[in-house]
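A.B. asks: Coordinates for the following, if possible.
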Amino acid sequence: MTVALHIHDLQLGYDGPRGLHTVVDGFSLALDAGRIGCLLGPSGCGKTTVLRAIAGFEPARAGRIELGDVLLSTPGTHLPPEHRRVGMMFQEYALFPHLTAAQNVGFGLRRQAAVARAARVAEMLALVGLAEAGARFPHELSGGQQQRIALARALAPAPALLLLDEPFSNLDGATRERLTVEVRDILHQAGQTAVLVTHNEREAQVMADRIGTMHNGRLTRW
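C.D. replies: Have a look, this model is predicted:
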């Protein structure tokens, strides 16, 4: 298989009054294309910081991040987030309340011709099982349906990599269990490479093809 995401000896941190405060150190992994990887660990272990670095919101202090044959980050190179072909899905969904489900899904496709945009939106709504919900507004959808619309919106621009930051944490237990399986199946059906961040071991086991355990800023197992 082709390696989609390659991180080598990554160091992340910020400048403090006593110099560099290291948050992540010696972090390396390789994730094959079309696979779902998971960073599992407690709050404060550095997993979300790694996600932000992949997205382009944190600079690399050492090491490198590559997506396919594109260098995203080293200490001397920092590709802007908008040029990385990396999508993100957050726990808050962040759907626009004044836009319909279809308009939310198509929000990142505004530069496409109207016919192509409409076709892609219809394709994504069908992929997440909400083909008939395009005209509904977010407040007319259940929490699980809103989650799937947020996923469709993240997938619509065809990102090379999708990042999911604790995407199920705001849902009740039953909905969370169901959506974990549904989202996994949707990502596999789409052939989407993805990285999930969670502190929930059950969620990681159900969702991911590869699990990375993090502790104190280091990857202890992959």
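
A.B. asks: Quick check: next helix or strand after the longest helix seen in the chain?
C.D. replies: Scanning the chain for the longest helix, with DSSP state H as the assignment, gives helix 173-190. Helices and strands here follow DSSP states H and E; after helix 173-190, the next one along the chain is strand 194-198.

A.B. asks: which parts of the very next helix or strand once past that next one are buried?
C.D. replies: Downstream of strand 194-198, the first helix or strand assigned by DSSP H and E is helix 201-207. Residues 203, 204, 207 are the ones in helix 201-207 that count as buried (16 or more other Cβ atoms under 10 Å). In short, each C-beta sits where N, CA and C put it, glycine included.

A.B. asks: What residues does the last one make contact with?
C.D. replies: Going by Cβ atoms under 8 Å, 6 or more residues apart in numbering, residue 207 touches 36, 38, 180, 183, 184, 196, 198.

A.B. asks: Counting neighbours, which of these comes out on top?
C.D. replies: residue 196 (29 neighbours; other Cβ atoms under 10 Å).

A.B. asks: residue contacts, it?
C.D. replies: So residue 196 contacts 36, 37, 38, 39, 164, 167, 203, 204, 207, 208 (Cβ under 8 Å, 6+ apart).

A.B. asks: Of the residues you listed, which pair is most distant in space?
C.D. replies: Greatest spatial distance in those: 37 and 167, 14.3 Å, computed using Cβ to Cβ.

A.B. asks: Of the two, which one has the most company?
C.D. replies: Per other Cβ under 10 Å, whichever of residue 37 and residue 167 has more neighbours is residue 167, with 27 against 24.

A.B. asks: The more buried one belongs to a helix, doesn't it?
C.D. replies: No: counting by DSSP: H, G, I helix; E, B strand; the rest coil, residue 167 falls outside a helix, being coil.

A.B. asks: residue boundaries of the helices in the protein?
C.D. replies: 47-55, 101-105, 114-127, 143-155, 173-190, 201-207.

A.B. asks: Run the chain-centre distance for the fifth one.
C.D. replies: Spelled out, that is helix 173-190. Here the centre of helix 173-190 is set off from its chain's centre by 14 Å, with Cα atoms, centre = their mean, to the nearest Å.

A.B. asks: Could you list the buried residues of it?
C.D. replies: 175, 176, 179, 180, 182, 183, 184, 186, 187, 190.

A.B. asks: Check whether the second one really touches residue 168, as I assumed.
C.D. replies: Pointing back at residue 176 there. Yes: under the criterion of Cβ atoms under 8 Å, residue 176 makes contact with residue 168 at 4.6 Å.
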